[in-house]
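*Asks:* let me see the structure of the following:
(chains A and B)
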Amino acid sequence: MSGHSTYEPKTGIERWLDTRLPIVRLGWDSIVDYPTPKNLNYWWTFGGILAVCLGIQIVTGIVLAMHYVPHVDHAFASVERIMRDVNYGWLVRYMHANGASMFFIAVYIHMFRGLYYGSYKAPREVLWILGCIIYLLMMATAFMGYVLPWGQMSFHGAVVITNLFGALPIVGEAITTWLWGGFAVDNATLNRFFSLHFLLPFMIAGVVGLHIWALHVPGNNNPTGVNVQSKADTVPFHPYYTVKDGFAIVLFLILFATFLFYNPNALGHADNYIPANPLVTPAHIVPEWYFLPFYAILRAVPDKLGGVILMFGAIAVLFVLPWLDTSKVRSMRYRPTGKLYFMIFVVACLVLGYCGGQLPDNHVIPGLSTFILIDADLNSMVWLSRLATLYYFGYFLVILPLLGLTETPTAQPESISTPVLSHPAGMPAGAVAAPEKKG
Amino acid sequence: MADTVVGENPDPHAAGEDPNRRDFIHIAAGAAAVGAVGALAWPFIDQMNPSADTLALASVEFDLSKVALGQQVTIKWRGKPLFIRKRTEAEIAAAVADDGANLPDPQTDAERHKPGKAEWMILIGACTHLGCVPTFAGGDYGGWFCPCHGSHYDTSGRIRRGPAPLNLPVPEYEFLSDTTVKVG
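*Replies:* Next up is the predicted model:
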């Protein structure tokens, strides 16, 4: 797609098809002779891993839809029937449930990769924004999918999330009623969630197509962040990255299989094996692990509308990131100060995830009972959440805009090939210790 | 016929020309298409709103003799939990005493029950924060406590502390007799 095509039809039928629908040429230029930076490390394999995840979710999801009944009186029982009576139903459902978690593990690594190596910077802004759209669609799909088994966590999770829209002034109540199709989460809600849960993965697949298209126009970023300058900087995608991605996919599937066969409920919540009861909320209601950081941000704010705005803002800020980071240097490899702030950002995200799973009044340090300032207990999860939330937004809105103007980056290599071909003299200090360079 | 037409129509897009009949047709067709898409979109949006049978939800009658003093019964009304609580003298006194307290959503206790029926507190049991069901007699004020995000309600169902912005809503209800209440 970038540059001209190297595809040469060899047989008569290929020539015939190529002048009518050049689909073989598209495939050849996209995944066979696509010129790829020769220095991509294993963090770059998660794109392929994510494609596999999407495929697994769609195939297992279609099978589950053959047996699932989207009705409040039958949903829970039909899921249990899938687990107990349908041939290999247990396998397909556990693949689907754990597959969602694997999908999010992979997407978070993929996103942090993009953040670290500056893959969102020009000319890849559209590529990044399409990724953000995929992430939003993934969250909507995962949320609605979690509602379908109609357990306690399904039901009350749906209540809490749909009520978020009730925080909007004036139109809030009309919107929640519209989302519910009634005055509470009920059968109408379950039905539409099932319909949309079936639809959205195909929309994701469509946006993934655009994402790959937007990737193949400027070509891949790479660990140095330096543009590809000549053919010496690239290798053909096949066999170099088909094999490397394939190996990473196998490793990832081993992790997947470990959860699937040895601890399939580790990432779920026991309360979701209790049928939904609208009259009793579980004492400790938490979303799935991949939403915990956002849940912590929601709870960090004492105001309802403020919490909702901040929670959605945490995702919205990703969309404008390409214009917030003022640094011309893509890769954090050559931004020693930026790298430090990035590492703290990763820790802040993990802290938010941890806080999201705890009760707001739980103590951070169990021994230290309370540390009261005015009327607040600073030794509580809610205050730790506030601190981490502050850093989350500070990183995007203050640190990245200002750091690009003030920091002194270390020397970048002239090209992707230079540090490899002329070591040790031409190798920048920051890159020597990077173990991933072996790939 | 054909040869008589040649050259009769001047270029419709020549500079400075007034809008002619062809421009009018273009604009009218475009406007009709936009209107049609808008009109067609509405049924697809509105179908998600509550259907006629959902809107026709009947009111519910409840036998109050089932509730012991100091206890609460939860029933389902319009898909949501409904709290019917028979308050003790102490709980009523505590609620009245706090009428002048610094309330996030100021209301007196008397505004939240029927006149002369101070013992009966009938409320929609959905936390005004994000709709979880608050637990009975929990929290710092002895009313209700929402386990989801830590909202404390007093014995009048008024929000006292936590993220919820409003008091637990009082549904429309009437006493049919001393022992029967009709909600809705």
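*Asks:* now do the contacts for the residue lying closest to B:Leu57 once chain neighbours are set aside.
*Replies:* Setting aside the residues directly before and after it, B:Leu57 is nearest to B:Arg78 in space (C-beta to C-beta, 6 or more residues apart in numbering or on different chains), at 5.4 Å. In short, each C-beta sits where N, CA and C put it, glycine included. For B:Arg78, the contact set (C-beta atoms under 8 Å, 6 or more residues apart in numbering or on different chains) comprises A:182-184, B:57, B:184.
*Asks:* and the residue of chain B nearest chain A?
*Replies:* Of all residues in chain B, the one sitting closest to chain A is B:Gly79 (3.1 Å; C-beta to the nearest C-beta).
*Asks:* kindly report the residues of chain B close to chain A.
*Replies:* Residues of chain B found near chain A (C-beta under 8 Å from any C-beta of the partner chain) are B:45, B:48-51, B:54, B:57, B:74, B:76, B:78-81, B:125-126, B:129-135, B:146-150, B:162-165.
*Asks:* filter those down to the buried ones, PyMOL style.
*Replies:* Selecting only the buried entries of those in PyMOL, with 16 or more other C-beta atoms under 10 Å in any protein chain shown as the criterion:
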select buried, chain B and resi 49+50+54+74+78+79+80+81+125+126+129+130+131+132+133+134+146+147+148+149+150+162+163+164
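*Asks:* restricted to helices, list the residues of chain B next to chain A.
*Replies:* B:45, B:54 (DSSP state H).
*Asks:* among the residues of chain B next to chain A, which are in strands?
*Replies:* B:74, B:76, B:80-81, B:135, B:146 (DSSP state E).
*Asks:* identify, from those, the entry nearest to A:Ile344.
*Replies:* B:Cys146 (33.3 Å; C-beta to C-beta).
*Asks:* can you give me the strands in the stretch 151-300 of chain A?
*Replies:* For the stretch 151-300 of chain A, the strands defined by DSSP state E, counting those that start in this stretch occupy A:234-236.
*Asks:* pick out the residue of it closest to chain B.
*Replies:* For the stretch 151-300 of chain A, C-beta to the nearest C-beta, closest residue to chain B: A:Ala184, 3.1 Å.
*Asks:* three-state assignment of B:Trp144?
*Replies:* What DSSP: H, G, I helix; E, B strand; the rest coil gives for B:Trp144 is strand.
*Asks:* ok, and the closest non-adjacent residue to it?
*Replies:* Using C-beta to C-beta, 6+ apart, the nearest residue to B:Trp144 is B:Pro134, at 3.6 Å.
*Asks:* now do A:Glu125
*Replies:* That would be A:Pro322: by C-beta to C-beta, 6+ apart, it lies 4.1 Å from A:Glu125.
*Asks:* residues near the one you found, how many?
*Replies:* 19 (other C-beta atoms under 10 Å in any protein chain shown).
*Asks:* the helix or strand encompassing it: which residues count as buried?
*Replies:* A:Pro322 belongs to helix A:321-324 when elements are defined using DSSP states H and E. Using 16+ other C-beta under 10 Å as the test for burial, helix A:321-324 gives A:321-322, A:324.
*Asks:* pLDDT on the very next helix or strand once past it, on average?
*Replies:* Once helix A:321-324 ends, the next helix or strand along the chain (criterion: DSSP H and E) is helix A:336-356. In this model, helix A:336-356 has a mean pLDDT of 96.
*Asks:* and helix A:336-356, what does it pack against?
*Replies:* helix A:89-116, helix A:292-300, helix A:381-394, helix A:400-406 (3 or more C-beta pairs under 8 Å, 6 or more residues apart in numbering or on different chains; DSSP states H and E).
*Asks:* tilt between that helix and helix A:292-300?
*Replies:* 70 degrees (axes from the mean of the first three to the mean of the last three C-alpha atoms, to 10 degrees).
*Asks:* for helix A:336-356, buried residues please.
*Replies:* A:338, A:341-342, A:344-345, A:348-349, A:351-356.
*Asks:* which secondary element of chain B has the worst mean pLDDT?
*Replies:* helix B:2-5 (a mean of 52; mean pLDDT, DSSP states H and E).
*Asks:* and the contacts of stretch B:65-76?
*Replies:* Counting by C-beta under 8 Å, 6+ apart, A:278-279, B:60, B:62, B:81-88, B:91, B:119, B:125, B:133, B:136-137, B:179 sit against stretch B:65-76.
*Asks:* of those, buried ones?
*Replies:* A:278, B:60, B:62, B:81-87, B:91, B:119, B:125, B:133.
*Asks:* point out where chain B drops to low pLDDT.
*Replies:* For chain B, the stretches with pLDDT under 70 are B:1-17, B:58.
*Asks:* pretty sure A:His71 contacts A:Asp186?
*Replies:* No - A:His71 is not in contact with A:Asp186 according to C-beta atoms under 8 Å; the separation is 10.7 Å.
*Asks:* neighbour-wise, which of the two wins?
*Replies:* A count of neighbours by other C-beta under 10 Å puts A:Asp186 above the other of A:His71 and A:Asp186, at 20 against 14.
*Asks:* circling back to that earlier point, now for the helix holding A:Pro322, which elements pack on it?
*Replies:* helix A:125-147, helix A:400-406.
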